[in-house]
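A.B. asks: quick one, structure for this:
(chains A and B, ligands or ions: 2)
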Amino acid sequence: MEFMRKSTEEIYDIVIIGGGPNGVALAAYLAKCGLSVCVLEERSEAGGACEQTEPIAGVRINPHAAVMYAAAAPGWEQLELWKYGFRMSWEPAWAFTPLIKTVMTTEGAVPFSDKDGLGWAKITGMLGSPTFTKELLRATFWCPPHPPEVEVTAENIPFMQVYKERAPEIWTEELLQMTMFDLMDEYLETEPFKVMQAFASWYSGAAAHYQGMAIPAMGGNIAVTLYGASAPRGGMHDYFHAILRCALAHGAVVRTCCPVEEIIIRNGQAVGVHLRDNAAWGEKTIWADKAVVSAVDVRQTFNKLIGPQHVDRGLLQKVNDISLKGGSIYVSHFLTREPLRLSPKFKDWPHMTGGIYPCDSREIYYDHVADVDGHKGDPTMPAQRVFWMAVPDGRFPSTDPQCTIPNHYLVSPFYVFVPPPEYHVDGPDAINKYKEKWNAYMREAFSQVVENLNSDSLVYHWANTPLESEFRNTGLIGGGYSGARLCKDHMWTNRPLPELSRYCTPIDRLYLGNQSTGHPGGLCLMAIPYNLMHILIEDGIAEPGNWWYPSPWYIPERGKISAIPRK
Amino acid sequence: MELRKRQTPMLTGDIFDEFPDESDWDAIIIGAGPNGLMTGAYLAKAGAKVAVVERRYEVGGGLATEEILFPCYYSNMHAIYHMMVDYMPVMQDFNLDKHALVWIKPNLQTAMVFEDGSSLLLTRMVEDTADSIHKVSHKDAVAFGKLMRTWRRMVSEIVGPATYLPPTPSLDWIVALQRTEVGRELLELNEGSPLEIMTDHFENDRVRALMLYVACMWGLDPRETGIGLFVPLLLERGMNKCYCYGGSHKFAGALAREIVRAEGTILEAAEVTRINMQNGNVAGVELMEGRTLNSKVVISSLDPHTTFFDLVGKESLPTTLKETVENWKYDKWSYYTLHLVAKEKPKYQCDDPWVNESFMTVFGFDSTDQVVAHWNNVMAGKVDGDFGGHSTCESFWDPHLVRMPGGEVSFFQMHAPYDIEGGWEKRNKELEEAILDKWQKAAPNMKRENIIMTSPETPVDIEIRFPNMRRGAIKHGDYTPMQLGYNRPNTECSSSKTPIGGLYLCGASTYPGGMVTGGPGYVAANKVAEDMGLKKWWKPTPAMEKYIKTYME
Ligand SMILES: Cc1cc2nc3c(=O)[nH]c(=O)nc-3n(C[C@H](O)[C@H](O)[C@H](O)COP(=O)(O)OP(=O)(O)OC[C@H]3O[C@@H](n4cnc5c(N)ncnc54)[C@H](O)[C@@H]3O)c2cc1C
Ligand SMILES: Cc1cc2nc3c(=O)[nH]c(=O)nc-3n(C[C@H](O)[C@H](O)[C@H](O)COP(=O)(O)OP(=O)(O)OC[C@H]3O[C@@H](n4cnc5c(N)ncnc54)[C@H](O)[C@@H]3O)c2cc1C
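C.D. replies: Ligands and ions are numbered 1, 2, ... in the order given. Below you'll find the predicted structure:
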């Protein structure tokens, strides 16, 4: 390098900004390739949005992530997470899988038909012989977008290939234009069942009403229901621990309290980072010999870390136009003295106090969409109709309880979509101003189904608004779980933008590894690191051992090193 | 026993692997508090195949930093004042700063603010403390300087290094200490009670009050004799408290990283429900979820009741051991802590603006009698309006605790009984109000409209968070002559090996005792390494070597 380094400064092959699940899983992959890796995390604990906290003794709440979507990831085998203590709390299907027989509506728990169950099983690949659900998920999420020179067609999109091969009767070019509602209308019959799946999808990535998103929307939904919406033992942060320890065991350094201030760019090349002055690490410059990866949100990456001086105005405009919609959540956690009881009309609902409500009709669904993404104000839906999803403590087995205070009961998290703070007509902090009012609204919404969420029983109602989520965890832009809307304009080769697909930037040796910056976005953990690995192999940065296998649908970029191992 | 239930992979094909139902280890450590982590780090690096199993979802035990002011504000709800950083061998043996572990040791360590607006300061630099004492007594200022000359030696030559060496039987120790003058002085000091020691050395009552509070706040009875050697230790170390930048949990995180780098395994959400036995020796542990870990060596950092009665079982214990466990006394007082977020840092109304930068600020007490009366009350299960305690504005030291600008994180902590008259459920709110009143009196800007959020932690809460801190016992057992030194937890187990084959102790209930000293963890690591025939890759610190040469050879 042509510039001088102080001898006290550190040099790694790879510097990763952001110690969330994506940044650290990438560190695990790269360290396993034998590279020296340093992850720099701003907060005092790494883990990003996979975190738990114990706000009062004996009560473990999930401010963000709660359930496992990553069951289909190749990372389980490649990173051997079991070695690092990974265990699951398996539970029988509890929420919205086809195994249950009813759906929650304002009328009570209503049944759905065999046609619904079978139709769903068919399109999700569960009836294939052998089943192809996992394949479908891997094709949809765990595969890098095709290189720019390859025209994306109905023939070469990975999930289309899976259908064509495994269930040709389902394959039609139309799949690429449909919404998930269109798809369900073709294969299912009961409206509340469809609405339940639609809500579940919206909560799991792409929404059921997004054009052309039928399969990714369905995929996010089955990614979570596939394994009964189970969670890692100890919660999602303990999944993160397995990732972290895999990275550490292979020699990666993961430092907390080390916020990055800027990416150092010399001659169009990313060569290191500067830390903010409140960083714990004494020497505030860390150099990267091979690459810098930003695993923090896309807006911060371009506006602050790279800085406008290194990006052209046109691209910056596009970055700032990336939609933050589709995932801003108001998260509640209820601690009560009595177990919550379902009101009598839900006596047939077998799944404790968790689930999705109300699934009466598409009208409710679209009203909610209008409220969240159309009106851009405070919620206007009456609490009776507002749509929610709840995860009760009782979901966890008694060997992994969330609440250990005797005679106390917990529902955490209780999710309700609200408008992204950035788009609120009264400014970003509007939702925080009336927190008490919104808390009451959330309780009222839940009280449509449970009968004793009252002041006698309620001990605590904690809540994190999307704005608070953004502050708790810098980079959870929009206060949501994917950081950029998972619509057709921000998915696959368009995520986050066509210019930035395949995790690359206009700056040489600078890659993107955050949920908001690449396909497939949030939730499907280990997908971005796995996908990005293909690109880093192509660029000659990573050389994995024989534990590595690429996605079978992956297409190498012309002129580069293929990520497919040579036999 | 509930074995993990795995949903039949609903037509979905194969599923990923998990940690096995049964596994074999060279050593298993129960509890990932500071001590368990240290034992684990040494043994793993010595090549043992180590598993550290922790009940909570996060390692650290008393090294906890969490968002208890939810959302957006973090606090160190247990250990925050790290007194032994200068002596802990882990600091020399591991390169912990690689994990961005940074200690802050403010010069102004403790300020005591009185009702009339005067204050006394205890600082790391002796002359700054003397300056402050000169305001009330030249004689005491001079006495303090002199005292520190010998007390510092007592700590650096004897008590500090001895913390990391196996205990010596009491009589042998007395003989050994006779070898030097400072040793003889220490023995003499040991005869007195903390109160007597302070009364003997200082004339001014408020100077006595400050010194007594700092020396006894961790659980010495001011009137008890035979524990005097802890007075120089706790006072001198009370002048050298460190704050762990980013929160105490970072220390745990750094130790855990060392374990993992040395190929050790850490399991969280893994409550041990049984220590398995075979022919009178340990054979491993069983987890609540049903998994079994096999090992001929099990090292427990838990309290004696949990280790011996709940996990091993009374039937497997020799009688003498059973008796000591039955008679084990938990701490005479626990803590009640009120954590809060306020719009401002507390601004104390007093004669010295420097107080606002103090690591610890004591208020509520005006005299030695008041301090002693509060402790007497607590020991009788009472708290009345005359209480006092200490506070720290954590965000003054650590911007990382604040995730939403506009709030400052502080806490007030006081000694409190586990069995409080009236019960905690009832007294909690009342005490919170009383604390806020008192705080506002000392620091007028701590008024109600400036308080954004509060979160109290009672002794009962401490026990809920950590069942091994029985009765809210922060040190897993009281400090009395019968439970200290070679007697902790009893003469058979204090060097960490127990009479049960393969069972070792490494927690706060074992020699040298509680707090984040790393003593029990280090002593256990040495003992286990010797017994397992592992090559010790580490050496004693220079201070320990000197101590061994002077007193033990
Ligand atoms: C409410 C909610 C519910 C969710 N539910 C689930 C669920 O049930 N299951 C699931 O699998 N997923 C869930 N998710 C999504 C999942 O948590 C995210 O997809 C995942 O955390 C994204 O990981 P990441 O590493 O890309 O980003 P993040 O988790 O956001 O991590 C980014 C990290 O970078 C750090 N950082 C930011 N700026 C800097 C800087 N300048 N310097 C250094 N570090 C910096 C941040 O502190 C953070 O730790 C949920 C998310 C939310 C918000
Ligand atoms: C409110 C409070 C304030 C304190 N302040 C300070 C301070 O400022 N400075 C200081 O030095 N010390 C302080 N202490 C004391 C200090 O925290 C403890 O003495 C110290 O943590 C003891 O360390 P340990 O490793 O022996 O045990 P612990 O820290 O208690 O760790 C034991 C671990 O074992 C786990 N465990 C329990 N049961 C099981 C089981 N069945 N199976 C598996 N794991 C189990 C626990 O979850 C815990 O993580 C404070 C304590 C409290 C409560």
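A.B. asks: B:H390: which element?
C.D. replies: Per DSSP states H and E, B:H390 falls inside strand B:389-393.
A.B. asks: with just CA atoms, put that strand into CSV.
C.D. replies: Backbone C-alpha positions of strand B:389-393 (Å, rounded to 0.1, in the frame of the first residue of the first chain) are rendered in CSV as follows:
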residue,chain,number,x,y,z
GLY,B,389,-26.6,4.1,50.8
HIS,B,390,-24.5,4.7,47.8
SER,B,391,-25.2,5.8,44.2
THR,B,392,-23.4,5.9,40.9
CYS,B,393,-24.2,7.7,37.7
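A.B. asks: helix, strand, or coil at the residue of the stretch 351-500 of chain B at minimum distance from ligand 2?
C.D. replies: For the stretch 351-500 of chain B and ligand 2, the shortest gap (Cβ to the nearest ligand atom) falls at B:I474, measuring 3.4 Å. Quick note: C-beta positions are derived from backbone N, CA and C, even for glycine. Counting by DSSP: H, G, I helix; E, B strand; the rest coil, the backbone at B:I474 sits in coil.
A.B. asks: that one against B:G514, yeah?
C.D. replies: Yes - distance between B:I474 and B:G514: 6.3 Å, which falls inside the contact criterion (Cβ atoms under 8 Å).
A.B. asks: helix/strand/coil for A:A198?
C.D. replies: A:A198 ends up helix, using three-state DSSP.
A.B. asks: who touches it in this structure?
C.D. replies: A:A198 makes contact with A:180-181, A:184, A:207-209, A:362, A:365, according to Cβ atoms under 8 Å, 6 or more residues apart in numbering or on different chains.
A.B. asks: could you report the pLDDT at it?
C.D. replies: A:A198 is assigned 96 on the pLDDT scale.
A.B. asks: with the one 5 residues further on instead?
C.D. replies: A:Y203 is assigned 91 on the pLDDT scale.
A.B. asks: look up phi and psi at it.
C.D. replies: phi -80, psi -10 (degrees, to the nearest 10).
A.B. asks: count the neighbours of A:K560 for me.
C.D. replies: Using other Cβ atoms under 10 Å in any protein chain shown, A:K560 has 13 other residues around it.
A.B. asks: that one is in contact with A:H534, isn't it?
C.D. replies: No - contact between A:K560 and A:H534 fails when scored by Cβ under 8 Å: they sit 10.0 Å apart.
A.B. asks: could you point out the longest helix in the chain?
C.D. replies: No chain was given, so I picked chain A. Longest helix in chain A by number of residues (criterion: DSSP state H): helix A:236-249.
A.B. asks: not quite, go with chain B.
C.D. replies: Assigned via DSSP H, chain B shows its longest helix as helix B:424-442.
A.B. asks: list the buried residues for that helix?
C.D. replies: Along helix B:424-442, these residues count as buried under the neighbour rule (16 or more other Cβ atoms under 10 Å in any protein chain shown): B:424, B:427-428, B:431-432, B:434-436, B:438-440, B:442.
A.B. asks: give me the three-state assignment for residue 121.
C.D. replies: Chain wasn't specified; assuming chain A. helix.
A.B. asks: hm, I was asking about chain B
C.D. replies: For B:L121, the secondary structure call by three-state DSSP comes out as strand.
A.B. asks: for it, give its distance to B:H138.
C.D. replies: The gap separating B:L121 from B:H138 is 16 Å, by Cβ to Cβ, to the nearest Å.
A.B. asks: do B:F365 as well
C.D. replies: The value you get for B:F365 to B:H138, if Cβ to Cβ is used, is 23 Å.
A.B. asks: between the two, who's got more neighbours?
C.D. replies: A count of neighbours by other Cβ under 10 Å puts B:F365 above the other of B:F365 and B:H138, at 25 against 11.
A.B. asks: about what we covered before: the residue of the stretch 351-500 of chain B closest to ligand 2: neighbour count?
C.D. replies: One way to gauge burial is a neighbour count; for B:I474, by other Cβ under 10 Å, it gives 22.
A.B. asks: residues in contact with it?
C.D. replies: With contacts defined as Cβ under 8 Å, 6+ apart, B:I474 is in contact with B:62, B:78, B:218-219, B:331, B:334-335, B:462, B:514-515.
A.B. asks: name the next helix or strand downstream of the strand holding B:H390, please.
C.D. replies: In N-to-C order, the element after strand B:389-393 by DSSP H and E is helix B:394-397.
A.B. asks: just give the closest residue to residue 284, not the sequence neighbours.
C.D. replies: By default, I'm working from chain A. What sits nearest to A:K284 in space, not counting adjacent residues and going by Cβ to Cβ, 6 or more residues apart in numbering or on different chains, is A:L275, at 4.3 Å.
A.B. asks: switch to chain B, please.
C.D. replies: Nearest in space to B:G284, with sequence neighbours left out and distances taken as Cβ to Cβ, 6+ apart, is B:N294 at 3.9 Å.
A.B. asks: between helix B:424-442 and the strand holding B:H390, find me the angle.
C.D. replies: Per axes from the mean of the first three to the mean of the last three Cα atoms, to 10 degrees, the angle that strand B:389-393 makes with helix B:424-442 is 70 degrees.
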